[in-house]
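Q: got a predicted structure plus its sequence, pasted below:
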Amino acid sequence: MDSSKRKFLVLSGLTVASTLYGSNNKNTPKDPASPNVKAGTKSNKAPLPDTSKPRVLVLGGGWSGLSIAKTITTFAPDADVILVERRQEFISCPVSNLWLVDKVDLEYITHDYLQAARNYNYTFFNATAIGLDKKNRILKTSEGDIGFDYLVLSPGIDYDYSRWTTDTALITRLKQEYPAGFIPGSEHITLKNKIHNFKEGNFILTVPGGNYRCLPAPYERACLIADYFKQKKLKAKVIILDENNAITIKKKGFSSAFEELYRDYIEYIPNAALTSIDLDKKIVTTEMDEFEFADAAFYPRVRGAKIIETMGFAKDAKDMMEGNINPLTYEVEGEKNIFIAGDARPMGFSKSGNTSNTEGKYVGRLIAQRINKGKAPKWESPITLCFSAVSTKPENAIFIYTKYAFDKKDKSIKNAKFIDWKLFSFTETMSSENWKKDGSKDAASIYSWSSALYFDMFGPK
């Protein structure tokens, strides 16, 4: 067993013993006024103490959910905040590309939900959401039912393979044999093993259209895989099949890296949406050409997590633009005190860690003010701050910083660059894409930035 697998299993074992995800309790609570259950009804009550405090459930322990839970307890310390998350430990998507090529350890991107809950005075509840009773304000989970006064849905993304195929057998094989690697956990371990065991030939990466999770990450990943192949002196090439007509972000920096660092190791092909995939022959076809591959990671389009549809808050979350939520309060239209945030939101903000973290602080303050019966905070733009490594020896990177503007007058997009957004546009954008001049400074900033954000979400050990 390699060291990365061993570390992952050890870290998983550390949290299995959590007392917060015990067996179902089918007894009716003694206090029928508890938000967990409506008086006079039978209960599959979750093993949580009753409370008279306003209860906030945050579904999803990603960068958004963690930020929201912390912020609510900071500004409304009397609230009973419960973070419901199906994973036992947090594994970060940001910085994971560096883990794929051994630049950081697994411990660096893996963090303890219980630590965050202890430090910020909320409850971590390890369970999977399976449904919602909107009328009685009850979230149904694999570990029992939880009543709530406020609910924040921050469940992240699911993949949408339907634009490639509706063949469920093929979709199952794509997920299992060629995972995208943009949902943390097993996908990343599989992808790392693919990279480290690669011998020769074409390694295909795809870039989806639409507003996918972490716009620069597929290009960063291509650079780092090519860098690894180059250092190993493999007869290998990374082929990037990009559904978009050009690199979607940090175009100058990535283009120059492809050309100057990886001319023999990266082939970038725009307007290359897949039209067929033959996994047995290992051939993919676009409208213009076909490509053989020795291995691959197929990144399809993304959609809002399907649980949002299951709960009845969107007719179709496939394009993440159909959910009816208030763009300034994140509240579901017609559902008071139920919110959607993070990468599952229908607004077109970048689906990145820093964006979700800063957005979460605004949403958390808004909910805290409602609990405190105070004045709602003024809308604040989330901040997208993103560093992308382009090489490891020497270690160079590029970055972008941007905020967003909301056009109240005509609800139209102004100066949109590459996404069909509704209501919002870029503003205050800054970037550094000269990796030859500023790259080492930006590479160092990756670690100071990520360490600061991990500390912000989880606090001291």
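A: Thanks, I have it.

Q: now stretch 90-99: mean pLDDT?
A: Stretch 90-99 shows an average pLDDT of 98 in the prediction.

Q: buried residues in stretch 155-172?
A: Within stretch 155-172, the residues that count as buried by 16 or more other CB atoms under 10 Å are 155, 156, 157, 158, 159, 160, 161, 164, 165, 170, 171. For every residue, glycine as well, the C-beta is placed using N, CA and C.

Q: measure the nearest residue to the second one once chain neighbours are set aside to residue 118 for me?
A: Residue nearest to residue 156 in three dimensions, not counting chain neighbours: residue 343, with 4.9 Å by CB to CB, 6 or more residues apart in numbering. Shown here: residue 343 relative to residue 118, a distance of 26 Å by CB to CB, to the nearest Å.

Q: do residue 240 as well
A: For residue 240, the distance to residue 118 - CB to CB - is 43 Å.

Q: quick one, which of these two is more surrounded?
A: residue 240 (23 against 14; other CB atoms under 10 Å).

Q: who are the contact partners of the more buried one?
A: Residue 240 makes contacts with 205, 206, 207, 218, 219, 222, 266, 267, 268, 269, as judged by CB atoms under 8 Å, 6 or more residues apart in numbering.

Q: poorly predicted segments of the stretch 251-400 of the chain, please.
A: Within the stretch 251-400 of the chain, the ranges that satisfy pLDDT under 70 run 315-323.

Q: now the helices for it?
A: Remark: helices assigned in the stretch 251-400 of the chain by DSSP state H, counting those that start in this stretch are 251-260, 307-310, 353-371.

Q: out of those helices, flag the one nearest residue 195.
A: Proximity to residue 195, assessed across the helices of the stretch 251-400 of the chain by CB to CB, is greatest for helix 251-260 (17.9 Å).

Q: what packs against that closest one?
A: Packed against helix 251-260, as judged by 3 or more CB pairs under 8 Å, 6 or more residues apart in numbering; DSSP states H and E, are the following elements: helix 217-232, strand 266-269, strand 384-392, helix 435-458.

Q: in contact with the residue nearest to residue 223 when sequence neighbours are not counted, which residues?
A: Using CB to CB, 6+ apart and skipping the chain neighbours, the partner closest in space to residue 223 is residue 390 (4.6 Å). Neighbouring residues of residue 390 by CB under 8 Å, 6+ apart: 220, 223, 253, 254, 257, 261, 396, 397, 398, 435, 439.

Q: at 7 Å what do you get?
A: 223, 253, 257, 261, 396, 397, 398, 435, 439 (CB atoms under 7 Å, 6 or more residues apart in numbering).

Q: now do the nearest residue to residue 163 once chain neighbours are set aside against residue 175, distance only.
A: Of all residues not flanking residue 163 in the chain, residue 301 sits nearest, at 5.8 Å (CB to CB, 6+ apart). To residue 175, residue 301 is 14 Å away according to CB to CB.

Q: dump the residue contacts of residue 375.
A: Contacts for residue 375 were tallied using CB under 7 Å, 6+ apart; they are residue 369.

Q: roughly how far does it sit from residue 87?
A: Taking CB to CB as the measure, residue 375 falls 36 Å from residue 87.

Q: ok, now residue 49?
A: Applying CB to CB to residue 49 and residue 87 gives a distance of 23 Å.

Q: which of the two has more neighbours?
A: More crowded of residue 49 and residue 87, by other CB under 10 Å: residue 87, with 16 against 9.

Q: returning to that earlier point: highest mean neighbour count out of the helices of the stretch 251-400 of the chain?
A: Greatest average neighbour count among the helices of the stretch 251-400 of the chain goes to helix 353-371 (a mean of 24), per mean count of other CB atoms under 10 Å.

Q: name the residues that touch that helix?
A: Residues outside helix 353-371 that contact it (CB under 7 Å, 6+ apart): 54, 56, 62-64, 67-68, 71-72, 75-76, 79, 93-94, 150, 152, 329-330, 339, 341-343, 349, 375-377, 380, 382-386, 453, 456.

Q: please indicate which of those are buried?
A: For these, a neighbour count by 16+ other CB under 10 Å gives the buried set as 54, 56, 62-64, 67-68, 71-72, 75-76, 79, 93-94, 150, 152, 330, 339, 341-343, 349, 382-386, 453.

Q: show me these that map onto strands.
A: Among the buried ones among the contacts of helix 353-371, the subset assigned to strands under DSSP state E consists of 56, 150, 152, 339, 384, 385, 386.

Q: switch the residues you listed over to a markdown table; also include distance to residue 134.
A: Putting those into a markdown table (distance: CB to CB, whole Å) gives the following:
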| residue | distance to residue 134 |
| --- | --- |
| 56 | 16 |
| 150 | 13 |
| 152 | 15 |
| 339 | 14 |
| 384 | 33 |
| 385 | 36 |
| 386 | 36 |
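
Q: from those residues, which two are the most distant?
A: Between any two of these, the greatest separation by CB to CB is 30.2 Å, found for 150 and 386.

Q: on that earlier part again, between residue 301 and residue 175, which one's more packed in?
A: residue 301 (22 against 15).

Q: surely that one meets residue 208?
A: Yes - distance between residue 301 and residue 208: 4.3 Å, which falls inside the contact criterion (CB atoms under 7 Å).

Q: pull the CA atoms of stretch 381-394 into CSV?
A: Extracted in CSV, the C-alpha atoms of stretch 381-394 (Å, rounded to 0.1, in the frame of the first residue of the first chain):
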residue,chain,number,x,y,z
SER,A,381,-19.5,40.9,-3.3
PRO,A,382,-17.7,37.6,-2.7
ILE,A,383,-14.0,37.7,-3.6
THR,A,384,-12.4,35.4,-6.0
LEU,A,385,-8.7,35.1,-5.2
CYS,A,386,-7.0,32.2,-7.0
PHE,A,387,-3.4,31.1,-7.3
SER,A,388,-2.5,28.5,-10.0
ALA,A,389,0.9,26.7,-10.1
VAL,A,390,2.4,26.3,-13.6
SER,A,391,5.5,24.4,-12.6
THR,A,392,7.2,22.8,-9.6
LYS,A,393,10.9,22.9,-10.5
PRO,A,394,11.3,25.9,-10.3
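
Q: let me see the backbone angles for residue 326.
A: Dihedral pair for residue 326: phi -70, psi 120, per degrees, to the nearest 10.

Q: give the contact list for the residue nearest to residue 156.
A: Contact analysis of residue 343 by CB under 7 Å, 6+ apart lists 156, 157, 213, 351, 356.

Q: identify the farthest-apart pair in the residues you listed.
A: Farthest pair in these, by CB to CB: 157 and 356, 11.3 Å.

Q: ok, the contacts of residue 240 vs residue 180, which is closest?
A: Nearest to residue 180, judged by CB to CB, of the contacts of residue 240 is residue 206 at 8.1 Å.

Q: residue 208 touches residue 303, doesn't it?
A: No - Residue 208 is beyond contact range of residue 303, at 10.4 Å (criterion: CB under 7 Å).

Q: mind listing the helices for the stretch 1-150 of the chain?
A: Going by DSSP H, counting those that start in this stretch, the stretch 1-150 of the chain shows helices at 3-16, 63-75, 96-100, 106-109, 113-120.

Q: okay if I get the buried residues of stretch 155-172 as a markdown table plus pLDDT?
A: As requested, the buried residues of stretch 155-172 are arranged in a markdown table below (pLDDT from 0 to 100):
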| residue | pLDDT |
| --- | --- |
| 155 | 96 |
| 156 | 95 |
| 157 | 94 |
| 158 | 95 |
| 159 | 96 |
| 160 | 95 |
| 161 | 97 |
| 164 | 96 |
| 165 | 96 |
| 170 | 98 |
| 171 | 98 |
